[in-house]
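Sequence and computational prediction follow.
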Amino acid sequence: MKALGIDIGGSSVKGGIVDLERGELVSERFKVKTGAIPAPQVRVLDAFEELIRHFKWTGKVGVGFPALVRDQVIRTATNVDKAWVGCDIGKVFGKRAGLRVYGINDADAAGLAEAVFGNGRRHPGTVLLLTLGTGIGSALLRQGILVPNTEFGHLQFKGDTAEAYCSVRTKDRLGLSTKKWAKRLDAYLHHLELLLAPDLILLGGGISRKFDSFARYLTVTTEVRPAQMHNIAGIVGAAMVTRKKWRPS
Ligand code: BGC
């Protein structure tokens, strides 16, 4: 059984065909850039349609969206066009594609994929996954069960939100060295460790491929690992919500 997984990001829309038994991409990963952040809603929908056409897809589609998603409806818009607030993912994206579409928060998608198929698989305790990119997304899972929409990137930290303090976008914007940025990330991880006592922290997003370049600056006692699927996790998890058993709402 296969589904198309689509990960909506701050500056691009990525997707691929996912084998739902094995939790693997069975196509290439295709990416369409949407330009400046926040991309206008219509650009994101155009990019989404381009992906559907690229894969000539006619089956079910799962969308990971970078905002709070409750009962398929987008409730917030921090790094995305405000026009998204109140949109039902199934309806808006479904109408564009003429296909059945299901939505989930992008970090929850990545967490789900890692918990079922990746580095959090069969973990007996509490797993916290963070996606590091334009914003900071979070997914909290206990024995594979997801608590959706945790949004720990929006915790107040050092006088602002955590994502304003240590997202990859902030690293780029302020021109922080890897060491300086990793020390900020480490401070944030200490805060999360104190609040949540996780048993495992997984770091996802594109920068997780460079985990070895910053792991030495992380001093938390909790085990920290890169997400096994790196930035593919969001695509795999988005495809997973086309199945009811993995859909949080
Ligand atoms: C959004 C989250 C999202 C994260 C990562 C944050 O700004 O509020 O919903 O998961 O960015 O994309």
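Yep, it's here.

which residues does Asp7 bridge with?
Beta-bridge partners recorded for Asp7 (DSSP bridges): Lys14, Gly64.

Where is the longest helix in the protein?
Using DSSP state H, we find that the single longest helix of the chain is helix 178-196.

How far away from the center of its chain is the helix or strand that it is followed by?
Using DSSP states H and E, the helix or strand that follows helix 178-196 in sequence is strand 200-204. Remark: strand 200-204 is offset 12 Å from the chain centroid, using Cα atoms, centre = their mean, to the nearest Å.

buried ones in the helix or strand just after strand 200-204?
Next along the chain after strand 200-204, taking DSSP H and E as the criterion, comes helix 211-214. Across helix 211-214, burial judged by 16 or more other Cβ atoms under 10 Å covers Phe214. To be clear about C-beta, it is placed using only N, CA and C from the backbone, and glycine gets the same treatment.

Could you do stretch 230-240 as well?
By 16+ other Cβ under 10 Å, the buried positions in stretch 230-240 come out as 230-240.

what does stretch 73-81 give?
Quick answer for stretch 73-81 (16+ other Cβ under 10 Å): 73-74, 76-81.

which among those residues gets closest to the ligand?
Ranked by distance to the ligand (Cβ to the nearest ligand atom), the buried residues of stretch 73-81 are led by Thr78 at 3.9 Å.

Could you tell me which ones among the buried residues of stretch 73-81 also sit near the ligand?
Contacts with the ligand within those, as defined by Cβ under 6 Å from any ligand atom: 76, 78-79.
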